[in-house]
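Asks: Pasting a predicted model and its sequence here:
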Amino acid sequence: MVFLRGKIIYALFMVNRSLRNVIPFDRPATYQIRVQGKVDPDWSDRLAGMTIHLTAAEAGPPVTTLKGDLSDQAALAGVLNTLYELHLPVLLVKRLKP
C-alpha cells in the first residue's frame, strides 16, 4: 500500500511540475476579461489599469470587455475579485500573450 501511495504522489508531482513549466503564473501577461453588465471607464484604476470597452447589445444585457497587462496571477485574482464584488457575471477570461 505504501509503495502504491508513493507512485501516486510521484505521478501527481510530475504532472504538476510539467504544468508549471508550460504556464508561468509569476510573470506579466495580457488578459482579456468579459463580463455581463456595465463597468464605468473610471474604474480602470481600480481594475489594475485595464482598458474598459462597453458593447451595447440590441437584445440582452450589455457586455463589458476589459483588456490589459497584469503583473501576475495575484493581480488577475484581484481584478476578478473586484468584478465579483460588483456582482458582474464573468463570461470570459482569456490569456492573450505572456
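Replies: Noted; the coordinates are in hand.
Asks: Can you report how many residues lie near Ile52?
Replies: Residues near Ile52, counting by other Cβ atoms under 10 Å, number 19. Every residue, glycine included, has its C-beta placed from N, CA and C.
Asks: who's it bridged to?
Replies: Beta-bridge pairing of Ile52 under DSSP bridges involves Leu66.
Asks: Confirm Leu69 sits in a strand?
Replies: No Leu there; residue 69 is Asp. Yes: counting by DSSP: H, G, I helix; E, B strand; the rest coil, Asp69 falls inside a strand.
Asks: What's the per-residue pLDDT of Thr55 here?
Replies: In this model, Thr55 is scored at 88, pLDDT.
Asks: thinking it is in contact with Leu66, fair?
Replies: No: contact between Thr55 and Leu66 fails when scored by Cβ atoms under 8 Å: they sit 11.8 Å apart.
Asks: The two: which has the busier surroundings?
Replies: Neighbour totals were compared for Thr55 and Leu66, and Leu66 leads with 21 against 9 (other Cβ under 10 Å).
Asks: Contacts only, for that one.
Replies: Contact analysis of Leu66 by Cβ atoms under 8 Å, 6 or more residues apart in numbering lists Tyr31, Gln32, Ile33, Arg34, Val35, Val39, Leu47, Met50, Thr51, Ile52, His53, Val79.
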